[in-house]
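Trainee: this one's sequence-less:
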C-alpha cells in the first residue's frame, strides 16, 4: 500500500498528463523514482535502464514493422507479397473512400496490440512516449499539413468509463508543434458496439450515421486530418470523413498509429 502511494506521488509530480517528463524538479523526481522502482519493458517485462523509448526495450522496439512502399496511395495499405510501384488496392478502386489519403505508422501485430490495449483499457499513459517516438521514426506524417487536426470522437458514456479519449491524446503527441490545430469538430451520437467484436459488414452497419458535425463548426474549404489509434477496415475514419466532406471540407486525410494488414495483401 505504501509503495502504491509513493508511486502515485512520483507519477503525479514528475510527469505531465500525456506521459511526458516535466522540467526542473520533475526530472529529479523521475530520477529518484527510477532508482526506487526499476523500469520493466511494457511488452516483454525485461528490466530496462532508461525510458528513452517509452518503457520499451531495444529488442521489442525492433519488432515494430514500419509501413512503407509499395503501398496503396489512398488508404496506405502496404503490399506484402508484390514488389514494384505503389498502386491503388482493390478496395479503394472498387469503393473509393471519402478521405483522400490515409497513412499509418506501423503494421498491427500482437506486440503493438498489447501496448495499445494497455494504453486504452488500463490507462497506461506512459506509453504515449513510445507511440510518439514511433511516429517520429516513421515517414508517414512527413508531408502532413492541415488546417485542423480532428481526433475520432468517443461517445460520452465511453469517455466516462475510460476517463479519456485515446485518439485525442495520440493527436497531441503525434502533432506536438501543431497542437493549436487540434479541434473537436465531430461528436459521436451513438454508443456503438466495440469494433473488435464485429466483422467488416457489421462494422459498417454499426457505424452508419454514428458521427455528426459539432454545431457551429466551419470546415468549408479546409484541409482536415483525422487521428485514430488503429486502422482496421477504415470504416470509422471513413464515416468521420464523410461528415466533413459533406460539410464542405476541401480535403480529409487520416493518420493512425497502426494498420491491420492481412497476410495475403497484394
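Mentor: Ah, there it is. The shown structure was predicted, so the numbers you read here are calculated from the model rather than taken from an experiment. Numbering: from 1, shown residues only.
Trainee: Please verify my assumption that residue 241 contacts residue 96.
Mentor: No: counting by CB atoms under 8 Å, residue 96 is not a contact partner of residue 241; they are 11.1 Å apart. No exception for glycine: its C-beta is placed from N, CA and C like everyone else's.
Trainee: neighbour count winner among these two?
Mentor: Of the pair residue 241 and residue 96, residue 241 is the one with more neighbours under other CB atoms under 10 Å, namely 25 against 13.
Trainee: tell me the SS of the more buried one?
Mentor: Classification of residue 241 using DSSP: H, G, I helix; E, B strand; the rest coil returns helix.
Trainee: Identify the residue spatially nearest to residue 106, adjacent ones excluded.
Mentor: Ranked by CB to CB, 6 or more residues apart in numbering and with sequence neighbours excluded, the top spatial neighbour of residue 106 is residue 64, at 4.8 Å.
Trainee: Could you look up the SS state of residue 131?
Mentor: State at residue 131, reduced to three classes by three-state DSSP: helix.
Trainee: Can you tell me the closest non-neighbouring residue to residue 228?
Mentor: Using CB to CB, 6+ apart, the closest residue to residue 228 is residue 152 (4.3 Å).
Trainee: what's near enough to touch the one you found?
Mentor: Shown in contact with residue 152 (CB atoms under 8 Å, 6 or more residues apart in numbering): 167, 186, 226-228, 236-237, 240.
Trainee: Per-residue pLDDT of it, please?
Mentor: pLDDT, residue 152: 97.
Trainee: just for this structure, where's the confidence low?
Mentor: Low-confidence segments of the chain, defined by pLDDT under 70: 1-38, 50-54, 82-83, 141-144, 192-205, 266.
Trainee: Pull out the buried positions in stretch 171-178.
Mentor: Going by neighbour count (16 or more other CB atoms under 10 Å), the buried part of stretch 171-178 is 171-175, 178.
Trainee: With stretch 211-219 instead?
Mentor: Residues of stretch 211-219 classed as buried: 211, 213, 217, 219 (neighbour count, 16+ other CB under 10 Å).
Trainee: coming back round to it: ok, the residue nearest to residue 228 to residue 61 distance?
Mentor: From residue 152 across to residue 61, the span is 26 Å (CB to CB, to the nearest Å).
Trainee: Out of the buried residues of stretch 211-219, the closest to residue 39 would be?
Mentor: residue 211 (38.9 Å; CB to CB).
Trainee: That closest one: what's it in contact with?
Mentor: 153, 186-189, 239-240, 243.
Trainee: phi, psi of it?
Mentor: With angles defined as degrees, to the nearest 10, residue 211 sits at phi -120, psi 160.
Trainee: what number of residues lie near the spatially closest residue to residue 175 that is not a sequence neighbour?
Mentor: In this structure, residue 175 finds its nearest non-sequential neighbour in residue 149, 5.5 Å apart by CB to CB, 6+ apart. Per other CB under 10 Å, the neighbour tally for residue 149 reads 23.
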